[in-house]
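Coordinates for the following, if possible.
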Amino acid sequence: MKKLAVSLIVKIIFAVLIVALLIFTAVKMMPWFLSLKNTDSFDSFRNYVTSRGTLGFFIMLGIQFLQIIVAILPGEPIEVLSGAMYGPFGGLALCLLGILLGTLTIYFAVKFFGRELVAKLFGNEKIKSVSFLNDPEKLEIIFFILFLIPGTPKDILTYIAPLTPVKPLPYFLIVIFARIPSIITSTYAGASISNGNFITAIIVFAVTGIIGILGIVFNKRIVEYIKKIRSKN
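Residues are numbered from 1 along each chain as shown. Model prediction:
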């Protein structure tokens, strides 16, 4: 009993330290992420990364990994930047690899630390709001829909998923394939900017923005609809 109590205390302490580190990173990195919307900052960082050759790829991979771990950081600037440097499909591959590595890290961290880590990051109310995911029936399909539709809370879903009965391999495949449509639009826009096709980039951003707004508007309705289906079953 004493060993279990000590183990629990150690896990809680580490969970608190991890949360503190994530908050610190978010505060420090958020201004830089937002600055990428500025053309000069965007071009300056792109030139810096491309001048580093292969190392630049790993710099971008690390940033994408960090964005998944620190979920509050915006992902679109990194996707656009990746597309501008490595093309629509090269940028897509980089982003998906970073997302997979970040998701794997979160998955096993939550499995180890348990509910305490997620509760400290998002609060118990957030966890309760997605409690309908605890039913294993058709869980993979629901996760696919939630990760596919823009505007759904993918940040908390990444941390919540390890607490549900979803199986690891299907879940990781869902995370990859469901995110492809939204990422490819961003990397394609980035590649268009890099090639000077600004009209194409504007059209892509406009269409993506409209879809994103629709996703945000109907997000709650979609989640409520899924909840009703689960409650009927």
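
now the helices for this structure?
Counting by DSSP state H, the segments of the chain that form helices are 2-35, 39-50, 54-69, 76-113, 115-122, 124-129, 139-148, 154-160, 168-194, 198-232.

Could you export these as TSV, including mean neighbour count?
(C-beta placed from N, C-alpha, C; glycine too.) Conversion of the helices of the chain to TSV gives the following (neighbours: other Cβ atoms under 10 Å):
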stretch	mean neighbour count
helix 2-35	13
helix 39-50	14
helix 54-69	18
helix 76-113	21
helix 115-122	19
helix 124-129	13
helix 139-148	18
helix 154-160	20
helix 168-194	20
helix 198-232	14
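
weakest of those helices by average pLDDT?
Summarising mean pLDDT across the helices of the chain, the least confident stretch is helix 198-232, with a mean of 58.

State the distance from residue 100 to residue 124.
Between residue 100 and residue 124 the distance is 29 Å, computed by Cβ to Cβ, to the nearest Å.

thinking residue 117 is in contact with residue 111, fair?
No: if you go by Cβ atoms under 8 Å, residue 117 and residue 111 don't touch, sitting 9.9 Å apart.

Chain neighbours aside, what residue packs nearest to residue 143?
Taking Cβ to Cβ, 6 or more residues apart in numbering as the measure, residue 143 lies nearest to residue 174, with 5.1 Å between them; neighbours along the chain are not counted.

Next, work out how far apart that neighbour and residue 89 are.
Taking Cβ to Cβ as the measure, residue 174 and residue 89 are separated by 21 Å.

Next up, phi/psi of residue 72, please.
Main-chain torsions, residue 72, degrees, to the nearest 10: phi -70, psi -20.

Just the pLDDT for it.
Among the per-residue scores, residue 72 shows a pLDDT of 79.

Could you report the neighbour count for it?
Summarising burial for residue 72: neighbours were counted as other Cβ atoms under 10 Å, giving 15.
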